[in-house]
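Undergrad: Got a predicted structure here, sequence first:
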Amino acid sequence: MVFLYLILYLDFASREAKIMTSIKTILNQQYKTIQIEWLRYRNNPYDVQRAHDLRVSIRTLRGLIKFLKRQIPQVVYDSLNGDLSQSAKIFGPLRDLDVLMIQVGKFAYAHPEEKTDYQGLFEGLYHQRNEEMQTTLTDTTQEALATYLMQVKAQLDTLNFKHETDWDKSIAQEFKRRDHKLMKQYHQLDFHDYLHVHHVRKRAKTLRYSATYFSEFIPEKEGRILRKAKRVQDVCGTITDAHVIDGELRQLADQTTDQNRQKLLLRIARSQRDIYMADKKTIIKDLDKAIR
């Protein structure tokens, strides 16, 4: 009997060691992804997808760290969270411009008009994007990003999850806790409360990234949690993107002295405001229509 217990214990200990190694491997692989996406961005910063993928890779690692917060020393967590946050912020303004230009492009496509100066508008936006892109490529900015990421790597190397005795149970409980909290907040969400919508969107991202990369630990629930988190992120993202773009377009309208350009910018801004000011059912219905 003692021998049987010993075998069971060794098997359990071996599995726990493999899980801890897998978690560190996932985190380190995501760090390597950031390095690769950073290089791809430097090689071709003109490609909208490059800035997007780099920023997503940074935010993915941050989301995984957030998910593991209870298993990470507070000082280490604060350092990782802060450095990854600052890294992502470097590309925030550029990504906001890219999203704005995508939506302006959709408006121009849906409203083809002979006398509307879309070309002049896009010329100005591309010029603005180029200026913002250049700020991300200066030696000062690149050195700052390199420092943030070196600090992230140093902290990742210190992580040791041996204090946790039952990883399967711990991770499953954390997924359940976050899933329950997210869906409760989502179902009670006022879609016209921008700050709250933005908060729920961030929580959905954290859960979605974690369900994607830690799925091997709870395979039977991964699909359901992942689908729900993605749904919440998409809905909330539609609202927050429209809210931000509306403000940016109105700001551009205030800055121009060209009355025709100003009218066009305000028209597009109104189309964005219509999105986030709609009722809950309409927002969801329009999103489903866009997906199809």
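TA: Looks like it came in fine.
Undergrad: Name the helix or strand for residue 265, please.
TA: For residue 265, the element it lies in under DSSP states H and E is helix 259-277.
Undergrad: Output the contacting helices and strands for that helix.
TA: Based on contacts counted as 3 or more Cβ pairs under 8 Å, 6 or more residues apart in numbering; DSSP states H and E, the elements that helix 259-277 packs against are helix 92-110, helix 118-137, helix 219-255, helix 280-291. (Glycine included, C-beta is placed from N, CA and C.)
Undergrad: quick one: which of these has the weakest pLDDT on average?
TA: Within the helices and strands packed on helix 259-277, the stretch with the lowest mean pLDDT is helix 280-291, showing a mean of 82.
Undergrad: before we move on, the earlier item: may I see the helices and strands packed on helix 259-277 organised as a markdown table, with mean neighbour count and distance to residue 168 added?
TA: Conversion of those to a markdown table gives the following (neighbours: other Cβ atoms under 10 Å; distance: least, Cβ to Cβ, whole Å):
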| stretch | mean neighbour count | distance to residue 168 |
| --- | --- | --- |
| helix 92-110 | 16 | 37 |
| helix 118-137 | 14 | 41 |
| helix 219-255 | 18 | 11 |
| helix 280-291 | 12 | 34 |
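Undergrad: Throw these into CSV and include distance to residue 143, thanks.
TA: Written out in CSV, the entries for the helices and strands packed on helix 259-277 read as follows (distance: least, Cβ to Cβ, whole Å):
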stretch, distance to residue 143
helix 92-110, 18
helix 118-137, 12
helix 219-255, 29
helix 280-291, 41
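Undergrad: Now do residue 265: how many residues are near it, please.
TA: Residues near residue 265, counting by other Cβ atoms under 10 Å, number 22.
Undergrad: Between the helices and strands packed on helix 259-277, which one is closest to residue 42.
TA: Nearest to residue 42, of all the helices and strands packed on helix 259-277, is helix 118-137, at 7.2 Å by Cβ to Cβ.
Undergrad: what about residue 82, distance to residue 45?
TA: With distances defined as Cβ to Cβ, to the nearest Å, the gap from residue 82 to residue 45 amounts to 25 Å.
Undergrad: To clarify, my last question referred to residue 136.
TA: 7 Å.
Undergrad: Need the residues touching each of those two.
TA: With contacts taken as Cβ atoms under 8 Å, 6 or more residues apart in numbering, residue 136 and residue 45 have residue 51 as neighbours in common.
Undergrad: picking that back up, compare residue 82 and residue 45 (neighbour count), which wins?
TA: Neighbours per residue (other Cβ under 10 Å) separate residue 82 from residue 45, with residue 45 holding more: 19 against 14.
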